[in-house]
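Peer 1: pasted the sequence and its predicted model underneath.
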Amino acid sequence: MTDVQLTLFALLLAFVIFAALAAAFLRDILSAIIAFAGFSFGIALVYVLLRAPDVALTEAAVGAGVTTVLFLLTIVRTVRPGGDRLFERIKWGPAAVATVLVGVLLTTVSSLPRIGDPNSPVATSEVTRYYLENAYPQTDVENVVTAVLAAYRGFDTLGEAAVVLAAGIAVLVVLRKEVYV
Amino acid sequence: MIDLLTTHYNYIASILLVGIGLYVVMGSPNLVRKVIGMNIFQVGIFLFFVTTGYVDGGVPPIVGHTEGPIVSPLPHVLILTAIVVGVSLTAVALALIVRIYNGYGSLDEDVIKEVQVDD
């Protein structure tokens, strides 16, 4: 990876983490939601740099778009707690737990293959090789992600559609107008 | 350690995002912000998966037009499914939050607990 790309990556990741921290600590919930939308968009750009255009499009449309609208609809129907302070107070108990988790996970990083390693287990996997070689001849679809999603793992996608249907029904049932006791 | 920052930066970022997400889910009293934290946690894991598929100098997994290494499509497929499922989860959680607000008149978990004790 070239230095320019590395710098771009570093800037984007710094922006993403900064936006996540803003979403975590801004006192005003509307500001937190806007920070979260920026966070989703930043992560979509990271996916573009990782050569995952399908994931980037989905994240930008669904993560930055639909999720933000859902959050905004929620605070329209509930409250937007404000206050005089700009930031939330740090709670030390949960912060300690999260720090321990981060510390433990960081010890595993050095045993992962470096980013972009052509000999990493994922890149050399039999499954990866099979899909890249056979997706076009077998399904006539040039985009391998689409081919895998719709053909090889079609039942998985059907299950995904079932989850979305179930979620839609659940939302309708939960929000059904009735006389609250 | 400095070497790791230049070769494993995405993994470190995804671990930090998981940490931030866990802190928000546990530490924030506001239910809407807890859902935001859950989303941040998820994105940390998505970033980890997509990073594992990346190959130096790779092109997007669209075959037939370019030579050279192609990034692995498998993590992309799994994460596409996970993103959509994550949005479904968020939608149901937010619907439950609206309903909780209608019942308790607050989004603060401490206030909700007090109302429950009073009942």
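Peer 2: The structure has been received and is ready for your questions. Not measured: the values here are computed from a predicted model.
Peer 1: for chain B, what spans make up the strands?
Peer 2: Applying DSSP state E to chain B gives no strands.
Peer 1: what's the neighbour count on B:Leu5?
Peer 2: 11 (other Cβ atoms under 10 Å in any protein chain shown). (C-beta placed from N, C-alpha, C; glycine too.)
Peer 1: make that A:Lys177, sorry
Peer 2: 5.
Peer 1: sec struct for it, please.
Peer 2: Here A:Lys177 is recorded as coil under DSSP: H, G, I helix; E, B strand; the rest coil.
Peer 1: got the phi and psi for A:Ala123?
Peer 2: With angles defined as degrees, to the nearest 10, A:Ala123 sits at phi -70, psi -30.
Peer 1: hang on, it packs against A:Ile115?
Peer 2: No: with contact defined as Cβ atoms under 8 Å, A:Ala123 does not reach A:Ile115; the gap is 11.1 Å.
Peer 1: A:Val79: which element?
Peer 2: A:Val79 belongs to no helix or strand when assigned by DSSP states H and E.
Peer 1: is B:Ile70 bridged to anything, and to what?
Peer 2: Applying DSSP bridges to B:Ile70 yields these beta-bridge partners: B:Val59.
Peer 1: tell me the gap between whichever helix in chain B runs longest and the middle of its chain.
Peer 2: Criterion DSSP state H: the longest helix present in chain B is helix B:73-104. In terms of Cα atoms, centre = their mean, to the nearest Å, the centre of helix B:73-104 is set 10 Å apart from its chain centre.
Peer 1: quick one: what helix or strand has A:Pro81 in it?
Peer 2: Per DSSP H and E, there is no helix or strand for A:Pro81.
Peer 1: please name the residues that touch it.
Peer 2: Contact analysis of A:Pro81 by Cβ atoms under 8 Å, 6 or more residues apart in numbering or on different chains lists A:Ile29, B:Asn30, B:Leu107, B:Asp108.
Peer 1: please pick the buried ones from those.
Peer 2: A:Ile29, B:Asn30, B:Leu107 (16 or more other Cβ atoms under 10 Å in any protein chain shown).
Peer 1: state the distance from the first one to A:Ala56.
Peer 2: Read it as A:Ile29. From A:Ile29 over to A:Ala56 the distance is 27 Å, taken as Cβ to Cβ, to the nearest Å.
Peer 1: against chain A, how distant is B:Val50?
Peer 2: Distance, B:Val50 to chain A, using Cβ to the nearest Cβ, to the nearest Å: 5 Å.
Peer 1: again with B:Met26
Peer 2: Remark: distance between B:Met26 and chain A (Cβ to the nearest Cβ) = 4 Å.
Peer 1: so what's that residue closest to, chain neighbours aside?
Peer 2: A:Pro94 (3.7 Å; Cβ to Cβ, 6 or more residues apart in numbering or on different chains).
Peer 1: no more questions from me, cheers.
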